[in-house]
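**Q** sequence first, then the predicted structure:
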Amino acid sequence: MERSFIQAYTERHPGQVSAVYYDVPLLRQALIGKAILPQATRISLLATQESIGLYDTLITQLPAYGLEARVFVVETEQQLIPTLARALSYGDFLLAAPDDAIYNPRTIKHILLTAYRRNKIVIGPSQAYVKAGSLASGYSSFPTLIHGVAHYLDTYFKTGAFPAPDYPEAYGVEINRQVARSLNIPVPDRDRIVTEVDEALALRQRALP
C-alpha cells in the first residue's frame with residue numbers, strides 16, 4: 001500500500017488506521033553511506049518527475065550532517081544511464097530510494113555496473129538490492145516490525161486509537177563485502193555503522209531547540 005495513501009487516510013480518519021513502515025528513512029540511509037565513506041560530502045539522487053518529492057525532506061536535513069545532495073531527473077527510460085553518469089560525476093555516492101520507476105529488476109544491473117565502472121558506490125534501497133550489488137543498505141528485521149505492530153495494537157486496545165504511522169525503532173545494516181573488496185573500500189563492521197548512525201541522529205536531536 002502506498003505511503004501517500006496511508007498518510008492521506010490517517011489525516012482524514014486519525015486513530016482509525018495506522019502502519020509501521022518497512023523501509024528505511026532516507027536520512028538514515030545517507031548516514032550509512034557517510035559512515036562507510038567518512039570523507040563524503042555530496043550525494044547523488046535519481047528521480048522521475050513524479051518521484052522527485054521523495055527527497056524534499058532529506059535535502060533539508062542533510063546540511064546538519066555535513067552533507068548535501070542533488071536530484072538528477074530522469075525524463076525518459078532511455079535517459080536513465082546518461083542521467084546516472086551526470087549524477088555520479090557530482091556525488092561521492094548514489095543514494096537509492098524505494099522508487100520502482102528508477103530502481104527495479106530491469107534497470108538495477110545497468111545502474112550498478114555504471115556506478116562501479118566509475119568507482120562509485122550505491123547505498124540502498126533494500127537488502128534485496130545489496131544482494132544484487134549495492135554496497136550497503138539499512139533494513140528493519142521482521143521481529144522488529146512485528147514488535148512495532150504489536151505495540152500499535154496494544155495502544156489501540158488500551159486507548160481505542162492507533163498511533164500515527166511511523167518507522168520502526170531499530171535498524172540493522174546489510175553489507176556486500178564482495179563489492180567492498182572489488183572497489184577497495186574498507187567497510188566498518190555492521191554494529192559500528194549502526195552505532196555511528198544512531199549517535200549522529202541522537203546528537204542532532206539533542207541540539208534541536
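**A** Sure, I can see it.
**Q** what's near enough to touch residue 85?
**A** Counting by CB atoms under 8 Å, 6 or more residues apart in numbering, residue 85 touches 114, 118. Every C-beta, even on glycine, is put in place using the N, C-alpha and C of the backbone.
**Q** what are the buried residues along whatever helix or strand it lives in?
**A** In this structure, residue 85 sits in helix 80-90 according to DSSP states H and E. Across helix 80-90, burial judged by 16 or more other CB atoms under 10 Å covers 80, 83-84, 87-88.
**Q** quick one: it to chain centroid distance?
**A** Computed by CA atoms, centre = their mean, to the nearest Å, the chain-centroid distance of helix 80-90 equals 19 Å.
**Q** ok, now stretch 49-58?
**A** Here stretch 49-58 is found 12 Å from its chain centre; the criterion is CA atoms, centre = their mean.
**Q** for that stretch, buried residues please.
**A** Of the residues in stretch 49-58, 51-52, 54-55, 58 count as buried by neighbour count, 16+ other CB under 10 Å.
**Q** for that stretch, measure first residue to last.
**A** 17 Å (CA to CA, to the nearest Å).
**Q** for stretch 44-57, same thing?
**A** Across stretch 44-57, first to last residue, CA to CA, it's 15 Å.
**Q** now residue 86: closest residue in space that isn't a chain neighbour?
**A** Nearest residue to residue 86, sequence neighbours excluded (CB to CB, 6 or more residues apart in numbering): residue 72, at 5.9 Å.
**Q** and the angle from the helix or strand harbouring the one you found to helix 80-90?
**A** Assigning secondary structure by DSSP H and E places residue 72 in strand 68-73. Following axes from the mean of the first three to the mean of the last three CA atoms, to 10 degrees, one obtains 160 degrees for the angle between strand 68-73 and helix 80-90.
**Q** out of the buried residues of stretch 49-58, the closest to residue 101 would be?
**A** Nearest to residue 101 among the buried residues of stretch 49-58, counting by CB to CB, is residue 51 at 5.9 Å.
**Q** can you give me the neighbour number for the closest residue to that closest one other than its chain neighbours?
**A** Closest residue to residue 51 apart from its sequence neighbours, by CB to CB, 6+ apart: residue 99 at 4.7 Å. Residue 99: 19 surrounding residues under other CB atoms under 10 Å.
**Q** phi first, then psi, for residue 139.
**A** phi -160, psi 160 (degrees, to the nearest 10).
**Q** now it: closest residue in space, sequence neighbours ignored.
**A** residue 127 (4.8 Å).
**Q** OK, contacts around the one you found?
**A** When contacts are counted by CB under 8 Å, 6+ apart, residue 127 touches 137, 139, 174.
**Q** adding neighbour count and pLDDT, write those out as JSON lines.
**A** Formatted as JSON lines, the contacts of residue 127 follow (neighbours: other CB atoms under 10 Å; pLDDT from 0 to 100):
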{"residue": "137", "neighbour count": "27", "pLDDT": "97"}
{"residue": "139", "neighbour count": "21", "pLDDT": "94"}
{"residue": "174", "neighbour count": "18", "pLDDT": "97"}
